[in-house]
Each structure stands twice: as C-alpha cells, then as structure tokens.
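A.B. asks: Have a look at this fold, sequence not included:
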C-alpha cells in the first residue's frame, strides 16, 4: 500500500457545507462521520472528492459538534433520521448520488441505503465496526451489555479516547494527542456508554436484511484495526455478493488519516468514478425470482 502521503488531519472547517449543487450535471456524495467525531474523521476525503469533480457534503450527526454530554439521550434512530433527511434532500438535487461512511458513519450509510433502496449511486463502508472485537477494545467490552441495563451507569460512564487513538502513524498520533489535550473541537475526548449502546443497537439493525441493498458496495478495512477486526469486513463482504473488499496492511482504525490515507482517497475516488461497477443484483447474477440461496445464507459471524 501507499505509505508516502504527506497530508493527515485536514485543516478545513468541519462545520462548512454547501446548500445547493454547483452544477446539476455533477454527481453528489454524502459523507457520514464517526461516533464522537466530525468531518476530521474523513481526513482529506471531502477535498479529494471535490478535486475529482463531484460535490461532497458532510452530515452533522445529532449530539455532535458541541460537547460530549449532548450525546446522552440521542438514539440510533435519531442518527438514522438525520442521515436520511440529508440523503433525501440531496437525492432530489442530484441524478447521481453516492454515500460514504466512516466507522459509525459506515453503519449509518449501510442502514440508510438499505432503508431507502438507494440505487442512484454507490456506497462505501470505511472501517465499519460490525463487531467490537479488535485487539485494543477495553476490558469492559464483554460486560457492556450488562452495564447498559443500569441507566445511571449508561448515562454517566465516560468512554475516553485513548492510545493509540486509532492511528498507527506516530507523528499523526502525537498531533491528535495534542489536539485532544487542548480541547480542539475536531473530536470528543470521550463519549458516554449510552452512545456505545446505541451503536450496538445500530449494529444489530444493519446486520438484518442486508439483501435489500441495491447499490455497488466497496468495503475498506485495516487488518490491524484495534476497534473492530477485519472479520467484520470479511463477513460483510461475504454477506453482500458483488461487493468489493480492500484490506489495508499498515493502518489502524482511522484509515482516512493514517499511513494509507492517500491510498484510501485514491481508491474511494476511483470507485465512485468508475462506471464499470454494476449494481449488486446485476453483479451477483441474480435471477428475476429474487436472491440466490447463497445470498441469504448467514455466515458464521454475529456482531458482538
């Protein structure tokens, strides 16, 4: 993979966005950030896409961009609704609309594309955490479902960002460490356990009825992801016939800002611009009677 990129965390204002398309002949791209994050989760992806000739938009998820306490009370359905509203707004403006999500945003992108029957463009899932089974998950991972049942704990327990911050590149990790210590608004320093519970609920939603996806899908994941192992990506790839899987070998979870960020930007941009990719049903050679048996067969994997 490409290890020579010289751009890491972006400098643009994550709150900025366009309200109307510049050119109706251009394609649109809806970008969805991760839990506790902002546009910075996506590195230079927005800029890279716009440089390639598309209009890129970032949806701000409820409870984000203010303070971590504002996440308490925000349910998975609130995130889904926010992404759906922005998707429908852009879908009415663009003949071609792609959807790209990072981490929690990848789960939201999958769920919204499934629910809306998205067929106006493609879908990219970056580091989708279908299971919390990475090598760096906290000790309470196995008992978190018990803790969820105690409302006071779910609302007050703070899940802090900690080393390695999803980043293998030591220079960028130092930069992120400094930004967090200064309280910069690029990412929350912690999220409530309540939000982890809602992400778990979303994982369960995503896993159901994935055969409803109608759009070409590209999956990108790091083999050394400390939050969610590459088995998440492999399981999604097995479940969605016709999907494309890219595994990265020199990054951790935050693949858009880590060592292979340039490769990620290049791969996503090329995938969205390549008209050779076929819709999932066509790529999987599905007949008119519906999905083949292999499409419905559940792989030996369950979100945890």
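C.D. replies: Good, I have the coordinates. As the structure is a computational prediction, the values presented were derived from the model and not from experiment.

A.B. asks: if I read this right, residue 165 contacts residue 176, doesn't it?
C.D. replies: Yes. Taking contacts as CB atoms under 8 Å, residue 165 lies within contact range of residue 176: 5.0 Å. For glycine as for every other residue, the C-beta is placed from the backbone atoms N, C-alpha and C.

A.B. asks: tally of neighbours for residue 138?
C.D. replies: Residues near residue 138, counting by other CB atoms under 10 Å, number 12.

A.B. asks: show me the contacts for it.
C.D. replies: Counting by CB atoms under 8 Å, 6 or more residues apart in numbering, residue 138 touches residue 159.

A.B. asks: what about it, distance to residue 186?
C.D. replies: 22 Å (CB to CB, to the nearest Å).

A.B. asks: try residue 254
C.D. replies: For residue 254 relative to residue 186 (CB to CB), the value is 12 Å.

A.B. asks: Between those two, point out the one with more neighbours.
C.D. replies: Higher neighbour count among residue 254 and residue 186: residue 254, with 34 against 15, using other CB under 10 Å.

A.B. asks: any idea how far the closest residue to the more buried one other than its chain neighbours lies from residue 224?
C.D. replies: Nearest non-adjacent residue to residue 254, counting by CB to CB, 6 or more residues apart in numbering: residue 166, 3.8 Å away. Residue 166 is 11 Å from residue 224, where distance means CB to CB.

A.B. asks: how much space is there between residue 264 and residue 133?
C.D. replies: 22 Å.

A.B. asks: Could you check which of the two is surrounded by more residues?
C.D. replies: Higher neighbour count among residue 264 and residue 133: residue 264, with 30 against 18, using other CB under 10 Å.

A.B. asks: so that one sits right up against residue 254, yeah?
C.D. replies: No. Between residue 264 and residue 254 there is no contact under CB under 8 Å: 10.2 Å.

A.B. asks: Tell me where the stretch 201-304 of the chain has helices.
C.D. replies: Secondary structure of the stretch 201-304 of the chain (DSSP state H, counting those that start in this stretch): helices at 230-239, 261-273, 280-283, 293-296.

A.B. asks: Pretty sure residue 31 sits in a strand.
C.D. replies: Yes. Residue 31 forms part of a strand when assessed by DSSP: H, G, I helix; E, B strand; the rest coil.

A.B. asks: Would you mind naming the helix or strand containing the nearest residue to it once chain neighbours are set aside?
C.D. replies: Spatial nearest neighbour of residue 31, chain neighbours left out: residue 58 (4.6 Å); criterion: CB to CB, 6+ apart. Assessed by DSSP states H and E, residue 58 sits inside strand 55-59.

A.B. asks: Neighbouring strands of that strand in the sheet, and parallel or not?
C.D. replies: Sheet pairing of strand 55-59 (DSSP bridges) gives strand 28-32 (parallel).

A.B. asks: Run the angle between the partner strand and helix 261-273 for me.
C.D. replies: Between the axes of strand 28-32 and helix 261-273, defined by axes from the mean of the first three to the mean of the last three CA atoms, to 10 degrees, the angle is 140 degrees.

A.B. asks: so for strand 28-32, what's the average pLDDT?
C.D. replies: The pLDDT scores in strand 28-32 average 98.

A.B. asks: oh, and call the first residue 694 from now on, that's how I've got it
C.D. replies: Let's use 694 as the start, then, which means that last one is strand 721-725.

A.B. asks: Can you give me every residue that contacts the residue nearest to residue 860 when sequence neighbours are not counted?
C.D. replies: The shortest distance from residue 860 to any non-neighbouring residue, by CB to CB, 6+ apart, is to residue 866 (4.5 Å). Contacts for residue 866 (CB under 8 Å, 6+ apart) come out as 856, 857, 858, 860.

A.B. asks: Kindly report the same for residue 891.
C.D. replies: Residue 891 neighbours (CB under 8 Å, 6+ apart): 767, 768, 769, 772.
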